[in-house]
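**Q** below are the sequence and a predicted model; questions follow.
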Amino acid sequence: MWYITQVQTIEAIFEKGVFRPIGEIELKEGERVEVILPVGDAAHKARIIESPVTGLPVIDAGEDAPVLTSEMVKELLIDFP
């Protein structure tokens, strides 16, 4: 089952094994978060934007990103339960 969740991008510094946010964040002490780290060249190109069609958050991989086709997705998900 898929859930749509609110996404917020927070800049942080990784020091002594801990992510330290730059600036204020609205989280409760001990609250769990998911950290997604872009790697390689994608680290500077990918970003979360609002879809002009749906108004929902989507990932914009940048102009130099390879094209992902429906057939490629179908092949990747063939064994997905």
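**A** Structure received. Numbering: from 1, shown residues only.
**Q** so how far is residue 74 from the residue nearest to the spatial centre of the chain?
**A** Using Cα atoms, centre = their mean, the residue of the chain that lies closest to the mean C-alpha position is residue 36, 5.6 Å off. The gap separating residue 36 from residue 74 is 24 Å, by Cβ to Cβ, to the nearest Å. C-beta here means a position set from N, CA and C on the backbone, and glycine is covered the same way.
**Q** could you list the residues in contact with stretch 19-32?
**A** Outside of stretch 19-32, the residues within contact range by Cβ atoms under 8 Å, 6 or more residues apart in numbering are 10-14, 33, 35.
**Q** mind listing which of those residues are in helices?
**A** Per DSSP state H, helices hold no members of these.
**Q** next, format those as a markdown table and append neighbour count and pLDDT.
**A** Formatted as a markdown table, the contacts of stretch 19-32 follow (neighbours: other Cβ atoms under 10 Å; pLDDT from 0 to 100):
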| residue | neighbour count | pLDDT |
| --- | --- | --- |
| 10 | 13 | 82 |
| 11 | 7 | 84 |
| 12 | 13 | 87 |
| 13 | 9 | 88 |
| 14 | 10 | 88 |
| 33 | 10 | 84 |
| 35 | 8 | 82 |
